[in-house]
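**Student:** for reference, the sequence and a predicted model appear below.
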Number of protein chains: 2
Amino acid sequence: MNLFRRGKARIKKIQTKSGELEAPFFMPDATRGFVKSLSGKDLEEAGVVPMVVNTYHLFLRPEMDLIKRSGGIHKFMNWNGPLLSDSGGYQVFSLIHKNPKMGKITDDGAEFRSPLSGKKHYITPEKAIQIQFDLGVDMMVCLDDPPPNSYTKEKIEAAVERTLAWARRCMIEYKKQIKERKIEKENRPLIFCVIQGGEYLDLRKKCVEELIEIGLSEEGGPAMRWDGYGFGARHVDSEGNFLAEVLEYTADLIPENSLRFALGIGTPEDIVRSVQFGWDMFDCVIPTREARHGRIFLWKSNDLNGDFYETINISNSKFKDDFNPIEKECI
Amino acid sequence: MNLFRRGKARIKKIQTKSGELEAPFFMPDATRGFVKSLSGKDLEEAGVVPMVVNTYHLFLRPEMDLIKRSGGIHKFMNWNGPLLSDSGGYQVFSLIHKNPKMGKITDDGAEFRSPLSGKKHYITPEKAIQIQFDLGVDMMVCLDDPPPNSYTKEKIEAAVERTLAWARRCMIEYKKQIKERKIEKENRPLIFCVIQGGEYLDLRKKCVEELIEIGLSEEGGPAMRWDGYGFGARHVDSEGNFLAEVLEYTADLIPENSLRFALGIGTPEDIVRSVQFGWDMFDCVIPTREARHGRIFLWKSNDLNGDFYETINISNSKFKDDFNPIEKECI
């Protein structure tokens, strides 16, 4: 399987406070601290090392107070491997974009109603960072403003500006938390900013360049470069086409030594294509959700131009009489 | 935990073709070849060794043809431990007792409709034994006629007579199958007869005595003693009271060297009481079904006169903040 060694694919070793990772890697989504239907032991045996937890979901239920009292997200989950949390922004913004009655976005942050309790909450760049420190994750992500790709260029540019302003505030808060919590260098969580700009290459370029500047700024304390850069907003256009050019162009803009995190990607073909553009890290609900519904991805060939994998539905009656292992290599 | 070493409790080592067992033991019900929500690995780690599979359920779905083609029930389940199958009779008779339109019981056997497909099936003592040989289990049970305990003594006596006639036919068929399939001594499945008689001690006595005679008979081939005797029909009266006297009396009737199988028992207190009467083997859906619904049994004390265990509901909100292990001994 040398698909991941082609094109601009990179191999990178990453140190986190919960152990070493080797990119490129995929992180299953343990939304509320668990992957549905699988135990920690199952995940370990499947070779899962890092996972993603969702700040928004954990914040609403079971709520942060309980996670803090349990000793942090690793103890809450009983999982020792590296964990990355998102900022919660994507879910809050989707909620508001879909139904404006659910909240309001301002330059300061976003007010939103819990769909579970109806209770009002307020999220700011500072609060997103504080929550992720409270979780105790190994990798955290700045709050950003992810507009739908169908928005006008003006609206997307405004989202870039807000994302940059929030990244600046996140970095200041990050430095403050490191200092206040007296976190030693080896226990420092990695911090990721997010690149917006939709399908506009010039906006993506502008966003990355200004994010790099923020990493060089001494505002709030000595300069700290971003450990990684995330690809923000959806990676497909409004018709579902993969934004190959935007993904390749954006990866090339990111400093060589920084991690490149393609948030929310994705299908096997999208992951493979993104790896070849130089993206290092991926998370998505697709693999675990598909498997839970009996749809399983099988390798077919190493030819990326052809169909390099196929999807079988294990519940299909034609497999009733098939006593072979699903993949011959997996016995 | 010395509860199982009191009264007439026995310790017995049992050889099966899939390994040794030590009585007293409990068998979870893997009705259709699996225990809901648990993998084989989970069961192994929980210390489960033997399990029960249900002939009736496997016969209706996935059907015997598929199990035979998979290489037998052990391969079908991917489980190497000892397996016991019931005769399927209890389910067929319950079906017909509840709704006479679903089938008809005669001295030859029972005709019944599949609740899944509506298709007509016919089960006889001979067929019940053949199916269990086809399954390839380690322990099998004769087809019997289990009447509700609320029936009149006349009806229960008739069920005893039919159970005895069928036990005789099962033993003849068992000898025939051993011979036809050329099964070596060390691969011989153990065979259990079933004792009927309801709450009537004289009928239980009569039933055991005649079953012993069948084990000494040379009809169909050299005499083969029953490996074990099962307690047939429900172990509670129509008001739900535990039939302590009947269970103790019946256990005492069974030859010392034979296994004593208390079918369908049960709750922790009923298992403990039955062990003290000298019963060796138990199966029931209660422990796994309760656990699946969050109800967990915890040891409290070794005093059987008091409450020696308690049931907690792990979904109860009072456990939300409780980060302790469920039992202190289980860490």
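**Tutor:** That came through fine. Numbering: from 1, shown residues only, chains lettered A, B, ... in the order given.
**Student:** can you give me the helices in the stretch 101-250 of chain A?
**Tutor:** If DSSP state H, counting those that start in this stretch is used as the criterion, the helices of the stretch 101-250 of chain A fall at A:125-135, A:153-180, A:201-216, A:244-253.
**Student:** got a list of what residue A:82 touches?
**Tutor:** Going by Cβ atoms under 8 Å, 6 or more residues apart in numbering or on different chains, residue A:82 touches A:16-19, A:21, A:49-51, A:138-139. C-beta here means a position set from N, CA and C on the backbone, and glycine is covered the same way.
**Student:** including mean pLDDT, mean neighbour count and distance to residue B:283, could the helices of the stretch 101-250 of chain A go into TSV?
**Tutor:** Putting these into TSV (pLDDT from 0 to 100; neighbours: other Cβ atoms under 10 Å in any protein chain shown; distance: least, Cβ to Cβ, whole Å) gives the following:
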stretch	mean pLDDT	mean neighbour count	distance to residue B:283
helix A:125-135	97	23	45
helix A:153-180	98	20	56
helix A:201-216	98	18	64
helix A:244-253	98	18	57
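**Student:** to chain B, which of those lies closest?
**Tutor:** helix A:125-135 (16.2 Å; Cβ to the nearest Cβ).
**Student:** what's the closest one packed up against?
**Tutor:** Contacts defined by 3 or more Cβ pairs under 8 Å, 6 or more residues apart in numbering or on different chains; DSSP states H and E place helix A:125-135 against helix A:55-60, helix A:64-70, strand A:83-85, strand A:139-141, helix A:153-180.
**Student:** contacts for the helix or strand hosting residue A:310 next, please.
**Tutor:** Using DSSP states H and E, residue A:310 sits in strand A:309-313. Strand A:309-313 is touched from outside by A:268-269, A:290, A:294-300, A:319, A:326, with contacts defined as Cβ under 8 Å, 6+ apart.
**Student:** over to stretch A:161-176?
**Tutor:** A:107, A:124-126, A:128-130, A:140, A:142-145, A:191, A:193-196, A:207, A:210-211, A:214-215, A:217, A:219-222, A:224, A:226, A:232.
**Student:** distance from it to the middle of the chain?
**Tutor:** Centre-to-centre, stretch A:161-176 and its host chain are 18 Å apart (Cα atoms, centre = their mean, to the nearest Å).
**Student:** likewise for stretch A:256-273?
**Tutor:** Relative to its parent chain, stretch A:256-273 has a centroid offset of 9 Å by Cα atoms, centre = their mean.
**Student:** in it, what counts as buried?
**Tutor:** Within stretch A:256-273, the residues that count as buried by 16 or more other Cβ atoms under 10 Å in any protein chain shown are A:258-268, A:270-273.
**Student:** next, the closest residue to chain B within the stretch 201-331 of chain A: secondary structure please.
**Tutor:** At 5.3 Å from chain B, residue A:323 is the closest residue in the stretch 201-331 of chain A, using Cβ to the nearest Cβ. Judged by DSSP: H, G, I helix; E, B strand; the rest coil, the three-state class of residue A:323 is coil.
**Student:** what residue spans form the domains of chain A?
**Tutor:** In the domain annotation for chain A, the residue ranges read A:3-285, A:293-331 (automatic domain parsing).
**Student:** so which of the buried residues of stretch A:256-273 belong to strands?
**Tutor:** Here DSSP state E is the test, and the buried residues of stretch A:256-273 give A:259-262 as lying in strands.
**Student:** determine which two of the contacts of strand A:309-313 are furthest apart.
**Tutor:** Using Cβ to Cβ, those span at most 23.7 Å, a distance reached by A:269 and A:319.
**Student:** could you check how far the residue nearest the centre of chain A is from residue B:168?
**Tutor:** Nearest residue to the geometric centre of chain A (Cα atoms, centre = their mean): residue A:263, 3.9 Å. Noted for residue A:263: a distance of 72 Å to residue B:168, by Cβ to Cβ, to the nearest Å.
**Student:** likewise residue A:49?
**Tutor:** 62 Å.
**Student:** go on, residue A:250?
**Tutor:** According to Cβ to Cβ, residue A:250 and residue B:168 sit 81 Å apart.
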